[in-house]
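Visitor: only geometry, no sequence info:
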């Protein structure tokens, strides 16, 4: 059996109909097809970086092929290379302005926090869709989030309502809506939203952080710290909860807890300067000066150019 | 641009400051109602800029029919309620027009940086 025959047999096992069609029509070269197929194998075996190498080669051989570009962009996103993925999605949208591709472009821009561009891409998505699609939920939700960030609360509410009408059981959306109400100073609605989110998913650490913010605003510091503890129990890597807990802890026992939480976090994320600085401060407050010194030394080695760390280091090493 | 021969109700939520009337062309009839009473200067402005304008000083003065379009120059909720009370309908296709400078003013008031940096960061995280 020749190599071509083997490949033609493999075509029957190809995962996507588009590739199959392209291969049959001759619009995708055999070499490129083989690269994609091998990349698939690597991706499924948990080797996205190696798969990416093959996808890059495929792209260099056929840079205007939508299938290749889409797979390359997905591969880059899997490897958290969102900047590069963005280039691929943009190139893809220039070739084919389909809902799926524009939606992926918008999602990528959203992850990169390029809100204004993401908003335009989401609007384009809405203009391309002519029937209800599941992805529209994310479009409406994310447009709402961008508008909240921009301070346009009424427009944000409109999009959140659209998303809510598509899925009433999304705890993530309820947290988003409650955050909007928090910023509008409507404490009752915000409280209701965060609680509803927790009814749906009691392990939503963001909802616990939201409750903590709200209770802090209401003056119930103890309850807000308890909410933060719950968030940290669920997700010990929730840096927002840690930052807030560290800043709000007043009693010695709370500070001791904060020092333990932050110490644990820093073992996983040693390059987080903000948490390092907070950790150093709290270690000093609970008289763990040796830990504070080690943390300062370590953090300074990681970020010698950080102004605050540098100043602290100079002061303690005179 | 609105079509000729339309009857329009303008609901002004936040005075005339944010209203850009330049895109309203010659129209048959306009009724204007403002949440806050219009000043004499505002009324003069409307009368000189819009043909056949009818200023409604109370909601009861608004003539609901016939009109072809209701233009709400504010994202205000109370105007939604007013419209609902007047017509019993929630589904009227509102055209919300807020001048961009006005919108950016609202955005500035609501911007996240009015919070303590830690709270600002937390709020940003919650809406990711």
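Guide: Right, received. Where do you want to start? Since the model is a prediction, treat every value here as computed from it, not as a measurement. Numbers count the residues shown, from 1 in each chain, chains lettered A, B, ... in the order given.
Visitor: and residue B:39, how far is that from residue A:155?
Guide: Distance from residue B:39 to residue A:155, counting by CB to CB, to the nearest Å: 28 Å. Any C-beta I mention is one placed from the backbone N, CA and C, and that applies to glycine too.
Visitor: The two: who's more crowded?
Guide: More crowded of residue B:39 and residue A:155, by other CB atoms under 10 Å in any protein chain shown: residue A:155, with 20 against 12.
Visitor: How about the secondary structure of residue B:32?
Guide: strand (DSSP: H, G, I helix; E, B strand; the rest coil).
Visitor: what bridges to it?
Guide: Taking DSSP bridges as the rule, residue B:32 bridges to residue B:10, residue B:55.
Visitor: dump the residue contacts of the residue in the stretch 201-318 of chain A positioned nearest to chain B.
Guide: At 4.6 Å from chain B, residue A:240 is the closest residue in the stretch 201-318 of chain A, using CB to the nearest CB. Contacts of residue A:240 were listed using CB atoms under 8 Å, 6 or more residues apart in numbering or on different chains, and they are A:209, B:121-122, B:125.
Visitor: Residues contacting the strand or helix carrying residue A:154 from elsewhere in the structure, which ones?
Guide: Following DSSP states H and E, one finds residue A:154 within helix A:153-166. Helix A:153-166 has contacts (CB under 8 Å, 6+ apart) with A:132, A:136-137, A:140-141, A:143-145, A:147-148, A:170, A:173, A:176-177, A:180, A:183-184, B:75, B:77, B:110.
Visitor: Give the rounded mean pLDDT of it.
Guide: For helix A:153-166, mean pLDDT rounds to 88.
Visitor: now swap in stretch A:39-57 and tell me
Guide: With pLDDT averaged residue by residue, stretch A:39-57 scores 88.
Visitor: Report the buried residues of it.
Guide: Under the neighbour-count criterion of 16 or more other CB atoms under 10 Å in any protein chain shown, stretch A:39-57 has A:39-40, A:42-43, A:48, A:51-52, A:54-56 buried.
Visitor: do stretch A:250-258 as well
Guide: Within stretch A:250-258, the residues that count as buried by 16+ other CB under 10 Å are A:254-258.
Visitor: Out of these, which is nearest to residue A:201?
Guide: Closest approach between the buried residues of stretch A:250-258 and residue A:201, by CB to CB: residue A:257, at 24.9 Å.
Visitor: show me what contacts that closest one?
Guide: Shown in contact with residue A:257 (CB under 8 Å, 6+ apart): A:229, A:245, A:249.
Visitor: And the first one, which helix or strand is it part of?
Guide: Secondary structure from DSSP H and E places residue A:229 in helix A:221-234.
Visitor: Show me what that helix is packed against.
Guide: Other elements packing on helix A:221-234 under the criterion 3 or more CB pairs under 8 Å, 6 or more residues apart in numbering or on different chains; DSSP states H and E are helix A:205-217, helix A:239-248, helix A:252-268.
Visitor: Columns mean pLDDT and distance to residue A:304 on top of those helices, output as TSV?
Guide: Formatted as TSV, these follow (pLDDT from 0 to 100; distance: least, CB to CB, whole Å):
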stretch	mean pLDDT	distance to residue A:304
helix A:205-217	95	32
helix A:239-248	93	22
helix A:252-268	92	17
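Visitor: Please compute how far the helix holding residue A:229 lies from its chain's middle.
Guide: 23 Å (CA atoms, centre = their mean, to the nearest Å).
Visitor: Can you name the residues in contact with that helix?
Guide: Under the contact criterion CB under 8 Å, 6+ apart, helix A:221-234 has outside partners A:203-206, A:208-209, A:211-216, A:238, A:241-242, A:244-245, A:248-250, A:254, A:257, A:261.
Visitor: Only the buried members of those: can you turn that into a ChimeraX selection?
Guide: In ChimeraX, this line selects whichever of the contacts of helix A:221-234 come out buried by 16+ other CB under 10 Å:
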select /A:204,205,206,208,209,211,212,213,214,215,216,238,241,242,244,245,248,249,254,257,261
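Visitor: how is chain B carved up into domains?
Guide: Structural domains of chain B, as assigned by automatic domain parsing, span the residue ranges B:7-97, B:100-128.
Visitor: least reliable of these going by mean pLDDT?
Guide: Of all these, the minimum mean pLDDT falls on domain B:7-97 (a mean of 63).
Visitor: Return the residues in contact with the residue in chain B positioned nearest to chain A.
Guide: The nearest approach of chain B to chain A comes at residue B:110, 3.1 Å away (CB to the nearest CB). Contact analysis of residue B:110 by CB under 8 Å, 6+ apart lists A:151-153, A:183.
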